[in-house]
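[1] I'd like to go over a predicted model; first the sequence, then the structure.
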Amino acid sequence: MRVQFASRNDLEAYLRTMFPDAEGGLSPLRGGNAAANRVLEAFDAGKYAATRNFLNGTVSRLSAYLRHGVLTLAGVRRHLLHKHRNLDRFLKFVQELAWRDYWQRVYAAEPDSIWHSAESLKTGRPESHYAAQLPADIQNANTGLACMDAFVTELKTTGYLHNHARMWFAAYVVHFCRIRWQAGAAFFLSHLLDGDPASNNLSWQWVASTFSSKPYIFNKENLEHYSSGTLCANCPSRKQCPFDATYEDLSERLFPHV
């Protein structure tokens, strides 16, 4: 039976009744084929390569529709090729689609492997040195770091997070807090509307260095640049920012035995 709602407020009230333990309100992300096609049509693939790393840059916002099968990788590629007639215009985006396809193939070949490190850590530390659980201050957006708290809040209230923010958050969890990547991956999957186990977990492994040649880290300069300075200016920890160092100094601090 299909339930009809007179307004968005009625829908939110219904969802609060049905899911009393759910955090946040109704995500602004709209489901369905019509919504997916509107997002696909509005996507400016030409701007993607140049701006995708900025939090306010051009990204596709197609991940949830791909995750739930409303759109397919091949269908998105065909649409863009028909629209632009020039593969070079959206080649970088196609490469990202290829990564997604690759992760799905890894998952299909070895479905149990994505929760286990594909390789050993390249951090100079054994896995036993990493905590198994994500602490409450991170889960509750109460770290005192404006960037990380903002990411968790956005994740919980919208079910979405920009890919660069996902990488920063994963690096913070694994390398700065020394927590196992599995704990962070599970936290993401519990909130992301586009939470695909293969893409999510293997991306966490890439950051952790169990599915890559080295650990991924970032510093304050990188975060400020790609967030256009919106996160650091009023951060309560700005004078003791753990990311305020050169990459060389951070590597020496985080990975002294490498």
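    On my side now, so go ahead.
[2] what ranges do the helices span in the stretch 51-200 of the chain?
    Ranges of helices in the stretch 51-200 of the chain, per DSSP state H, counting those that start in this stretch, are 63-67, 73-84, 91-109, 136-139, 146-158, 163-171, 181-189, 197-208.
[3] List the contacts of stretch 188-200.
    Stretch 188-200 has contacts (CB atoms under 8 Å, 6 or more residues apart in numbering) with 27, 29, 63-64, 66-67, 100, 103-104, 106-107, 114, 155-156, 159-161, 166, 185, 204. (Each C-beta comes from the backbone N, C-alpha and C, glycine too.)
[4] Give me the buried entries from the residues you listed.
    With burial judged by 16 or more other CB atoms under 10 Å, the buried subset of these is 29, 63-64, 66-67, 100, 103-104, 106-107, 114, 155-156, 159-161, 166, 185, 204.
[5] what's the neighbour count on Ala50?
    Summarising burial for Ala50: neighbours were counted as other CB atoms under 10 Å, giving 11.
[6] distance of it from Ala170?
    Going from Ala50 to Ala170 by CB to CB, to the nearest Å gives 24 Å.
[7] got the domain boundaries for this structure?
    When the chain is parsed into structural domains using automatic domain parsing, the resulting residue ranges are 31-109, 127-254.
[8] so how far is the shortest one off the chain centroid?
    So that's domain 31-109. For domain 31-109, the distance between its averaged C-alpha position and the chain's averaged C-alpha position is 15 Å (CA atoms, centre = their mean, to the nearest Å).
[9] now do stretch 151-170
    The gap between the average C-alpha position of stretch 151-170 and the chain average comes to 6 Å, counting by CA atoms, centre = their mean.
[10] Roughly how far does Ser209 sit from Glu119?
    For Ser209 relative to Glu119 (CB to CB), the value is 8 Å.
[11] okay, the two: which has more neighbours?
    Ser209 (23 against 12).
[12] ok, residues contacting stretch 91-101?
    Contacts of stretch 91-101 with the rest of the structure, by CB under 8 Å, 6+ apart, involve 45, 48-49, 52, 60, 66, 73, 76-77, 80, 87, 196, 199.
[13] Flag every buried residue along it.
    When burial is assessed from 16+ other CB under 10 Å, stretch 91-101 yields the following buried residues: Phe93, Glu96, Leu97, Arg100.
[14] avg pLDDT for that stretch?
    Per-residue pLDDT values over stretch 91-101 give a mean of 93.
[15] picking that back up, now distance to Tyr247 too, for the helices of the stretch 51-200 of the chain, in CSV please.
    Output for the helices of the stretch 51-200 of the chain, formatted as CSV (distance: least, CB to CB, whole Å):
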stretch, distance to Tyr247
helix 63-67, 29
helix 73-84, 34
helix 91-109, 24
helix 136-139, 23
helix 146-158, 17
helix 163-171, 12
helix 181-189, 21
helix 197-208, 15
